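Participant: Just to be clear, the model below is a prediction. Sequence and coordinates:
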Amino acid sequence: MVDTMATADVGALPLAPWNPLPLRQQMRALRSLIDGVQQLSDAGGPVTRLRMPAPGWLVPAMVLTSSPQGIRDILGRQDGAFEKTTVHEEMRHLLGNNVFDVTHDAWLPRRRALQPVFTKKHVRQFSGHMSQAAEMVIANWQDGADIDLDTECRRLTLRALGRSVLGMDLDERTDALAAPMQTALKYIADRSLRPVRAPRWLPVPARRRARSASRTLRRLTGDILQTCRQDPTHDAPLVRALMAATDPVTGKPLSDSDIRDELIIFLIAGHDTTATTLCYSLWQLGRHPELQDRVAAEVAALGDRELTPDDVPQLGYTVQVLHEALRLCPPGATGIRIATRDLAVGGFRVEAGTLVAFAIAAVQRDPRLWDDPLEFDPDRFSAENSKGRDRWEYLPFGAGPRSCIGDHFAMLEATLALATIIRNVEVRSQHNDFPLATPFTTVAAEPIPARITVRAPR
């Protein structure tokens, strides 16, 4: 792969070609971060310029890349040359400064402080309640019952997050928490997409709802932190890890405000993304009984006991199922940055101030990179078939220095949950479609019905 990041003379590179689709079709396609962006990529190639419906002083120019090289040129940099955008600015204003949304200079010390908290070794401490949460949710499923996989997976992940990370029961707060999270994310996304935004002081109904949602989340995380400060015996592993975290360069700890902001984003990200990955995995297994039988046999070999992180090395095929689910249904289907200076992306010049979108879902479904890309085939991720795969062809948690800091936790959590569910019940999907929406992260657009059969003890 040519290292276009190291191009000596960016000014000598050509600008990306214009996307040939009509303006109205381009704008419509941008509303769908999976199918629509795929349409733009198919029409315009691996790097394409999009036409905006307003002058450049009002709406920045936009370039879309859907190639591994182009994404590497954006995410692989460590100098902040591609910075966070209006979306992240709106998130900072509503939900606070966290490792996901802060700009480069503020991100660097925060990442240094948080990185040790989220290592593979450390996140094992946060996963102790995942199998228990799955068992408790399954206990409410009746043999032969029809359930909504999306609702049940959200209930499971919120229960696990509450107990293993925050040290509290969130069961009775599922709806009370899910609604504020969705309200906040929808407001951020809607406001970010408007070329002209009303002043923040204007008390429009959407802003009042968003601020109320923010207060609910801040109150919850603040109460958790205060409980940990007052009671040294309170079992909240992540909160205690954040309380102990320091920047190894400066020795500076996180403030209470910093901790609260990180807990908010961890609740949002850990709930939405893991629930959707688990739901999509179960839906696919419910359509492919032969694949589900392989997972069931793998987990049955571990015996009839609660699963722990120590069992994950023996759950290789279960992990492959999750990897394949993340390939077809990545949490962040499309990301966006803004170029702070003229830069090279996929062999083309991107001018300073340009919005640069990178299509992760399009890369992970590209027939030039994947055989039968829309086929659900977990064996793609066997050790043998993964040899030689380009790092930038599979990016469910992003890549580069600002990749998702919670990826190890998410995979550990999802693996234990999926194995526990399939060990106990057989899932049969009732629909052949899994409609997707991308209000912020990728989620199920509709209920995902499935029929449950309790497995006989082995």
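Facilitator: That came through fine. Numbers count the residues shown, from 1 in each chain.

Participant: and whichever strand or helix holds Arg92, what other elements does it pack with?
Facilitator: Here Arg92 sits within helix 86-95, counting by DSSP states H and E. Under the contact criterion of 3 or more Cβ pairs under 8 Å, 6 or more residues apart in numbering; DSSP states H and E, the helices and strands touching helix 86-95 comprise helix 174-193, helix 205-230, helix 256-287. Backbone N, C-alpha and C define where each C-beta goes, glycine included.

Participant: Which residues belonging to the shortest one are considered buried?
Facilitator: Of the residues in helix 174-193, 174, 177-178, 180-188, 191-192 count as buried by neighbour count, 16 or more other Cβ atoms under 10 Å.

Participant: out of the helices and strands packed on helix 86-95, deepest packed?
Facilitator: For the helices and strands packed on helix 86-95, the stretch with the most neighbours on average is helix 256-287, a mean of 24; neighbours defined as mean count of other Cβ atoms under 10 Å.

Participant: Pull the distance from it to the chain's centre.
Facilitator: On the basis of Cα atoms, centre = their mean, to the nearest Å, helix 256-287 is displaced by 7 Å from the centre of the chain it belongs to.

Participant: With stretch 115-122 instead?
Facilitator: Stretch 115-122 has its C-alpha centroid displaced from the chain centroid by 18 Å (Cα atoms, centre = their mean).

Participant: hang on, Val63 in a strand?
Facilitator: Yes. Assessed by DSSP: H, G, I helix; E, B strand; the rest coil, Val63 belongs to a strand.

Participant: show me the contacts for it.
Facilitator: Contacts for Val63 (Cβ atoms under 8 Å, 6 or more residues apart in numbering) come out as 16, 47-50, 345, 348, 350, 354-357.

Participant: cutoff 6 Å now
Facilitator: The neighbours of Val63, taking Cβ atoms under 6 Å, 6 or more residues apart in numbering as the test, are 16, 49, 350, 354, 356.

Participant: out of those, which one sits closest to Gly167?
Facilitator: Val356 (40.3 Å; Cβ to Cβ).

Participant: and that closest one, that's in a strand?
Facilitator: Yes. The secondary structure assignment for Val356 places it in a strand, going by three-state DSSP.

Participant: measure it to Thr157 for me?
Facilitator: For Val356, the distance to Thr157 equals 32 Å [Cβ to Cβ, to the nearest Å].

Participant: neighbour-wise, which of these two wins?
Facilitator: More crowded of Val356 and Thr157, by other Cβ atoms under 10 Å: Thr157, with 29 against 26.

Participant: I'd assumed Pro439 was in a strand, is it?
Facilitator: No. Checked against three-state DSSP, Pro439 lies outside a strand; its state is coil.

Participant: got the contact list for it?
Facilitator: Pro439 sits next to 186, 189 when contact means Cβ under 6 Å, 6+ apart.

Participant: switch the cut-off to 10 Å
Facilitator: By Cβ atoms under 10 Å, 6 or more residues apart in numbering, the residues touching Pro439 are 33, 182, 185-186, 188-190, 272, 445.

Participant: Would you mind getting the angle between the helix holding Arg92 and helix 174-193?
Facilitator: Comparing the axes of helix 86-95 and helix 174-193 via axes from the mean of the first three to the mean of the last three Cα atoms, to 10 degrees yields an angle of 140 degrees.

Participant: Which residues outside helix 86-95 are in contact with it?
Facilitator: By Cβ under 10 Å, 6+ apart, the residues outside helix 86-95 that reach it are 60, 84, 97-98, 100-103, 106, 181, 184-185, 187-194, 197, 200, 207, 210-211, 213-214, 217-218, 260-261, 264-265, 268, 335-338, 355, 440.

Participant: What segments of the stretch 1-150 of the chain are strands?
Facilitator: For the stretch 1-150 of the chain, the strands defined by DSSP state E, counting those that start in this stretch cover 47-50, 62-65, 82-83, 146-148.

Participant: Let me see the residues that make contact with the third one.
Facilitator: This points to strand 82-83. Surrounding strand 82-83, the residues in contact under the criterion Cβ under 10 Å, 6+ apart are 73-76, 103-105, 107, 335-341, 343, 345, 350, 354, 356, 358, 400, 402.

Participant: Next step: those residues restricted to helices.
Facilitator: 73-75, 104-105, 107 (DSSP state H).

Participant: and the two most separated of these?
Facilitator: When the ones in helices among the contacts of strand 82-83 are compared pair by pair using Cβ to Cβ, the farthest-apart members prove to be Asp73 and Asp105, with a separation of 21.3 Å.

Participant: of those two, who's got more company?
Facilitator: When neighbours are counted by other Cβ under 10 Å, Asp73 comes out ahead of the other of Asp73 and Asp105, with 29 against 9.
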